[in-house]
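Asks: sequence and predicted structure are below.
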Amino acid sequence: MTEKFKIIKASSQSMVENYRLMVASIAPRPIAFVGTQNLKGNDNLAPFSFFNGFGANPPIIGFSPALSGRTGKPKDTLLNIQEVKEFTISMVSFEMAEQMSLSSCEYPIEVDEFSKSGFKKNNSNFIKPHGVFESPVIFECKLVDIVKLGSKPGSGNLILGEVVAFHVKENLFKGDIFDEKAMDLVGRMGYGNYVRSQDSVFTINKPKCISIGFDALPDKIKNSEQLKGSHLAKLASVDKIPPYKKSNDSFSDLYKECIHRLDQNKIDDAWQIVHQILRYE
C-alpha cells in the first residue's frame, strides 16, 4: 500500500469522535449479551461489544460497559454486577440480532429487557442471573474483578468474570468437533453495521513448524510485483525451502501458475514453480 496515514491526536478530538473512530476501526467485535439481576431479583439484559476472552485456566471472559456518554452515569449492568457479583453472557446469532438491538434501549432499571426484546429466559445452574434461551452458547460467570478505567462520560469499566458453566446447544457438536460456523454469530462494526460470521468464515492453515519467514525468501520472489503478501506468507510457512525437482511441465505464465497453486494451498508445488522462476526468468 502506498497510501499515507492520517495522524489524528486523540486529545484533539471529542469523546464522541474518538468513540466513533474506535468502533468503526476495531471491527468486527464479538457481542456479549449480558444477563444480570439486582438484589431485588429484577432481570436486566444488554449487549456490549467491547468483549473478549482473557484466559482458559481458569476460563476468564470480560467486557466493558462504559459510563453514559451523555450523563456519565453507570449502566444498570454494571450496578447489578457490583451488587450480585454474577452474570451470564449469551452469544448472539444472526436470528437474534434484531431482537438484541431492541434491548439496547435505555429502559428504567425496573424494566425487564427479556420481555421487551421477546427473548426466553434460560435458567442458570450455578448463579442467579438468566441467560438467553435462543442463544447458541451461554456462559455462567462469577465476578473476578472490575477495573475502573476512568470517571468521565464514556469511560470504561472492564468487568472480568470466571466461567463456571457453559451451556452449548447440542446440535453444535459434530461428534467431538464443535461446529462454530453453525452458530451463525454476528459481530459489531461501526455505526449501525454488523457482520455475519457464517458468510465470512475462511481458514488459514497455521504453520506446523518454525517457518523460514519472509526474510529467507529469494529476493526475486520477495520483491515480485505479482505476488501479494498473502502469497509470500504461504511460501514462507515451510520449515525449509523444498529442493528443486526437475519437471517437463511448461507454463506460459509462471507467476500465474504459482499463484494458482498457492490459492489451492499446494505449497510444495508452488515452490517448484518458484524454482522455475528463479532459473528461467
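Replies: Right, received. Where do you want to start? Numbering: from 1, shown residues only.

Asks: drop to CA atoms for contacts and neighbour counts, all remaining ones
Replies: Fine.

Asks: and the closest residue to Ile109 other than its chain neighbours, how many neighbours does it have?
Replies: Spatial nearest neighbour of Ile109, chain neighbours left out: Asp76 (6.2 Å); criterion: CA to CA, 6 or more residues apart in numbering. Using other CA atoms under 10 Å, Asp76 has 21 neighbouring residues.

Asks: neighbouring contacts of stretch 199-218?
Replies: Contact with stretch 199-218 is made by 181, 222, 232-233, 235-241, as judged by CA atoms under 8 Å, 6 or more residues apart in numbering.

Asks: list the buried residues of it.
Replies: Neighbour-count burial for stretch 199-218 flags 211-214, 217 (criterion: 16 or more other CA atoms under 10 Å).

Asks: and which of the residues you listed is nearest to Asp249?
Replies: Leu217 (23.3 Å; CA to CA).

Asks: okay, now the unreliable bits of the protein?
Replies: 1-2, 250, 281 (pLDDT under 70).

Asks: secondary structure element for the residue of the chain positioned farthest from its centre?
Replies: If you look at how far each residue of the chain sits from its centre, by CA atoms, centre = their mean, the farthest one is Asn248, at 46.4 Å. Remark: Asn248 resides in no helix or strand, with elements defined by DSSP states H and E.

Asks: what ranges does the stretch 51-200 of the chain have for its helices?
Replies: 76-84, 97-102, 113-117 (DSSP state H, counting those that start in this stretch).

Asks: Ile127: which of these is closest?
Replies: helix 76-84 (9.6 Å).

Asks: buried residues in that closest one, which are they?
Replies: 76-78, 80-81, 84.

Asks: quick check: longest helix in the protein by residues?
Replies: The residue-count maximum for a helix in the chain (DSSP state H) belongs to helix 267-280.

Asks: same question for that helix: list its buried residues.
Replies: Applying 16+ other CA under 10 Å to helix 267-280 flags 267-277 as buried.

Asks: contacts for it next, please.
Replies: 220-221, 234-235, 241-242, 244-245, 254-255, 257-259, 261-262.

Asks: and which of those residues is nearest Lys121?
Replies: Lys234 (46.5 Å).

Asks: now that closest one: how far from Val137?
Replies: Using CA to CA, to the nearest Å, Lys234 is found at 34 Å from Val137.

Asks: same check on Ile127?
Replies: Ile127 is 16 Å from Val137, by CA to CA.

Asks: more crowded one of these two?
Replies: Val137 (20 against 17).

Asks: from Glu134, how far out is the nearest residue to the more buried one once chain neighbours are set aside?
Replies: Nearest residue to Val137, sequence neighbours excluded (CA to CA, 6+ apart): Val168, at 4.6 Å. Using CA to CA, one gets 11 Å for the distance from Val168 to Glu134.

Asks: same question for Tyr194.
Replies: Distance of Tyr194 to Glu134, given as CA to CA: 19 Å.

Asks: check Asn265 too.
Replies: 38 Å.

Asks: next one: Gly187
Replies: 17 Å.

Asks: please apply the same query to Phe5.
Replies: 43 Å.

Asks: of the two, which one has the most company?
Replies: A count of neighbours by other CA under 10 Å puts Glu134 above the other of Phe5 and Glu134, at 18 against 6.

Asks: is Ser104 in contact with Asn44, as I believe?
Replies: No: using CA atoms under 8 Å, Ser104 is not in contact with Asn44; the gap is 10.6 Å.
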